[in-house]
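1. Here is my input; please provide its structure:
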Amino acid sequence: MITLNINGQDHMVDAPPDMPLLWVLRDTVGLTGTKFGCGIAQCGACTVHLDGEPARACVTPVAQVGTRRVTTIEAIGATSAGRKVQQAWVDLDVVQCGYCQSGQVMAAAALIAANPNPTDGDIDAAMAGNVCRCGTYVRVRAAIHRAAREV
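-> Numbering: from 1, shown residues only. Below you'll find the predicted structure:
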């Protein structure tokens, strides 16, 4: 049994130590907002926060989480940066198909929390590896700038 702090609550999970955090979140805990995209940490759909830092849940073995706090898309709105990012996403109608958006929002919230006034270059660097097959990158950048103005 492994104890994980997920979205502010402790969860005892029965999972092998090498099981990816993504599958623990989705299949064991029942939090399905974090998506499986590529399974090799290249698309960003599985992005969660570990102690506020973005991490790819598809390649993070659950044993490596340790005592770090896991935050998923289901709880990011409880943070100031997450709330601002989510509102900017709605205000600017960022979402098209939506599949990548939980990972996009998680990466953007970590950026805004760490850097309340990001440049386009900062945004590009922070969002690199978050793939949107619908091509909403212009709206993503605009929403991050809007969220930054609101923080």
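2. can we go C-alpha only for contacts and neighbour counts from here?
-> Fine.
3. Who are the contact partners of the residue most central in space within the chain?
-> In the chain, the centroid-proximal residue (Cα atoms, centre = their mean) is Met106; its distance is 2.8 Å. Neighbouring residues of Met106 by Cα atoms under 8 Å, 6 or more residues apart in numbering: Thr47, Val48, His49, Pro54, Thr72, Ile73, Ile76, Gly82.
4. mind running it again at 7 Å?
-> If you count contacts by Cα atoms under 7 Å, 6 or more residues apart in numbering, Met106 has them with Thr47, Val48, Pro54, Ile73.
5. Ok, His49 next?
-> Going by Cα under 7 Å, 6+ apart, His49 touches Ala55, Val70, Thr71, Thr72.
6. Name the nearest residue to the last one, sequence neighbours excluded.
-> Going back to what we said before, that points to Thr72. Sequence neighbours aside, Val48 is the residue nearest to Thr72 in space, at 5.1 Å (criterion: Cα to Cα, 6 or more residues apart in numbering).
7. okay, the one you found: pLDDT?
-> Reported pLDDT at Val48 in the predicted model: 98.
8. For it, which three-state class applies?
-> strand (DSSP: H, G, I helix; E, B strand; the rest coil).
9. Can you give me the first-to-last residue distance of stretch 127-146?
-> End-to-end span of stretch 127-146 (Cα to Cα, to the nearest Å): 16 Å.
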